[in-house]
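**Q** sequence? don't have it. structure:
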């Protein structure tokens, strides 16, 4: 088996290399939160730099106690023993897919690593389209049929992955859809892995629904500090396991996997986690400002896509859009574009706009869809990013306005009627 580089990391590497060569690139390809580290959080890390011991696999008592309180304040009563930390939520997701028996059911489209990790764990993937309103959960009306069909084909569905809020569509599952999907999971004996890493970033300041509220005994929630706090490079992830025999058994299995792969989250990062997850006022204010910035810029980019005639769900959380240029299929075909991969390649090569093809998310190859991440438009320097974070109208800042203008120009050129090659 050959494992390719993750598409998200691959496109980020490629676009940064182009910039290093002096090329102008509009970087919409990578889901990095794009903001500087708050000073008080950096101070916590500096004070903890001398903590160089390994520590417990699941995390320090201080960090797990803070995480338990964090979940409890958000409506999921949690004891410290239910929490496990890791260097990012990504290894936790892989450990869960490896530990929980059965094949993996995914919404389609879904974040790129779920399917790749399932393959690494030797699991089949059963894809189910998402509802028209929002992504992150399978369409309840199609899920039962997909499960029966998969079983008839020799698959053994065992774990359902849900992403609320969603990557790549930037939308939030409707509560009735989530409830219906969890009810189906219960009837079919599925466990649920709920990736809730964007739950702090709803644009309206609301609360995302959690699968753990509907299937409390068989749902593991994963999250981290990469998105809400823009600490992706610090790699702080954690999971909440349910109470009861199943949760304890699954937590123990994941701990065993962790002990052989990552040992423990770096001790200084556990100090950071303990500080952030205590919800000090400056942290909550920072997240609130980040939420407003993400919402404003994503909404402005959404307006550009829809004005160009793309079909695109309105962003509701995080910093992603998932436009569909199917309405321009004829114009794109005249340019030799008939697939998502060709569309992404054309945007990059002809217009310097880097996006990630829908095929990376398990979408159909002939769908003219891609994911655009708006979070790297906030500035090239920490000074610019801080100005964006503090601005009451960030889309009017020159560097963000210029990026939106460049996107508008690329879309206009892309969707315009192609010249008739038979005439000169």
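**A** Done, it's in. Because the structure is a prediction, the values reported are computed rather than measured.

**Q** quick one, strands of the stretch 1-150 of the chain?
**A** Here the stretch 1-150 of the chain has its strands, by DSSP state E, counting those that start in this stretch, at 26-27, 83-86, 103-108, 125-129.

**Q** For the helix or strand encompassing residue 400, list every residue counted as buried.
**A** Per DSSP states H and E, residue 400 falls inside helix 398-415. Within helix 398-415, the residues that count as buried by 16 or more other C-beta atoms under 10 Å are 399-400, 403-404, 406-408, 410-411, 414-415. Glycine gets a C-beta too; all of them are placed from N, C-alpha and C.

**Q** hmm, who's touching that helix?
**A** By C-beta atoms under 8 Å, 6 or more residues apart in numbering, the surrounding residues in contact with helix 398-415 are 26, 28, 297, 300-301, 304-305, 307-310, 325, 328, 331-332, 335, 346-347, 350-353, 377-380, 384, 388, 394-395.

**Q** In terms of helices and strands, where is residue 246?
**A** helix 245-261.

**Q** what's in contact with that helix?
**A** By C-beta under 8 Å, 6+ apart, the surrounding residues in contact with helix 245-261 are 57-58, 82, 84, 86, 91-92, 95-96, 98-100, 191, 217-218, 220, 239, 241, 264.

**Q** now the helix or strand just after it: how far from the chain's centre is it?
**A** The first helix or strand that comes after helix 245-261 along the chain, using DSSP H and E, is helix 267-276. Mean-position distance between helix 267-276 and its chain equals 22 Å (C-alpha atoms, centre = their mean, to the nearest Å).

**Q** Return the list of helices and strands in contact with helix 267-276.
**A** Helix 267-276 sits against helix 39-47, helix 61-73, with contacts defined as 3 or more C-beta pairs under 8 Å, 6 or more residues apart in numbering; DSSP states H and E.

**Q** Just want the angle from the first one to helix 267-276.
**A** By that I understand helix 39-47. Here the directions of helix 39-47 and helix 267-276 differ by 150 degrees (axes from the mean of the first three to the mean of the last three C-alpha atoms, to 10 degrees).

**Q** pLDDT of helix 39-47, averaged?
**A** Mean pLDDT, helix 39-47: 98.

**Q** Show only the entries of the contacts of helix 245-261 found in helices.
**A** Taking DSSP state H, the ones among the contacts of helix 245-261 that sit in helices are 91-92, 95-96, 98-99.

**Q** Can you tell me which of these is closest to residue 145?
**A** Top of the list for closeness to residue 145, among the ones in helices among the contacts of helix 245-261 and by C-beta to C-beta, is residue 96 at 25.6 Å.

**Q** Quick check: closest non-adjacent residue to the closest one.
**A** residue 193 (5.1 Å; C-beta to C-beta, 6 or more residues apart in numbering).
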